[in-house]
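Trainee: Sequence below, structure please.
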Amino acid sequence: MKILISIILLCVIALGTGLVLEMIPFGEPKTKIGEYYIDNGVEKTGAVNIVTAVVLDYRGFDTLGEITVLFIAAVGLGSVLFSSKKSDKDKKQEPASLILSTGCRFLFPLILLLGAYIFVHGHLSPGGGFQGGAVIASAFVLVYLGCPGIRVNKTGTKIVESLGGLIFITMGLLGLLFGGYFLLNFLPKGIAHTLLSAGIIPIIYVAIGFKVGSELAGIIDNLIGRP
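Mentor: Numbering: from 1, shown residues only. Predicted coordinates:
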């Protein structure tokens with residue numbers, strides 16, 4: 001009976017997908033709004049990556065809300081997992097293998113460099129602050145696995161996280177000051193396909209990259225330190 005129901009559901013899904021593709025040919029914009037972004041995004045924002053143009057220009061205020069949610073999640077998790085027991089630091093941890101302990105020292109700076117490259121070039125290629133920050137946080141995961149005695153500097157992550165959020169809000173307020181709109185792209189757009197282009201977008205992506213990376217590293221540290 002379950003097999004029969006599954007086959008019927010698959011047929012319904014296939015029929016619905018076929019009808020949608022017939023009405024809207026594959027590759028064509030689904031709405032006029034999407035078509036506007038594709039046709040005018042590079043000229044209006046200077047960002048070759050249209051997804052970046054939408055995320056940090058057309059709907060930059062929504063992105064500010066997203067990183068605020070991530071900040072609240074990090075603070076909430078830290079509060080839930082907070083423990084004042086000193087005995088946790090004295091717990092014996094199983095040493096990592098030679099390959100993992102050696103690899104973490106060799107790969108850690110390279111992963112950080114890759115994460116930085118991703119969010120610095122977010123306006124030119126796929127990627128951005130969230131993706132680059134996640135890559136940076138993965139470097140700390142590798143360190144925790146390969147070098148169990150090393151922990152992230154919580155004071156440093158809090159400072160970096162705060163500066164990232166402060167830069168984001170400051171750029172938004174400067175847009176309000178110079179153009180009357182919060183997060184207005186008030187800097188010169190530059191030449192498309194070059195690193196120094198897209199106005200305030202690269203600056204904000206760098207801020208988001210460091211903020212997301214520090215927040216995720218802090219979350220990982222809290223989970224690792226869980227008794």
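
Trainee: Can you list the helices and strands that whichever strand or helix holds residue 43 packs against?
Mentor: Taking DSSP states H and E as the criterion, residue 43 maps to helix 32-45. Packed against helix 32-45, as judged by 3 or more C-beta pairs under 8 Å, 6 or more residues apart in numbering; DSSP states H and E, are the following elements: helix 50-53. Where you see a C-beta, it was placed from the backbone N, CA and C, and this is true even at glycine.

Trainee: Now do the helix it packs on: everything it contacts.
Mentor: Helix 50-53 is contacted from outside by 37-38, 41-42, 44-45, 47, 122-123, 126, 128, 198, 201, 205, using C-beta atoms under 8 Å, 6 or more residues apart in numbering.

Trainee: Work out the gap between the helix holding residue 43 and the centre of the chain.
Mentor: 23 Å (C-alpha atoms, centre = their mean, to the nearest Å).

Trainee: do the same with stretch 50-64
Mentor: 13 Å.

Trainee: So for that stretch, what gets flagged as buried?
Mentor: The neighbour-count check on stretch 50-64 (16 or more other C-beta atoms under 10 Å) flags 50, 52-58, 60, 63-64 as buried.

Trainee: same check, this time on stretch 146-160
Mentor: 146-148, 152, 157, 160.

Trainee: try stretch 164-176
Mentor: Neighbour counts over stretch 164-176 (16+ other C-beta under 10 Å) mark 164-165, 167-168, 171-172, 174-175 as buried.

Trainee: repeat for stretch 178-193
Mentor: Buried positions in stretch 178-193, judged by neighbour count with 16+ other C-beta under 10 Å: 182-185, 187, 189.

Trainee: which one among these gets closest to residue 77?
Mentor: Of all the buried residues of stretch 178-193, residue 77 sits closest to residue 183, with 28.0 Å by C-beta to C-beta.
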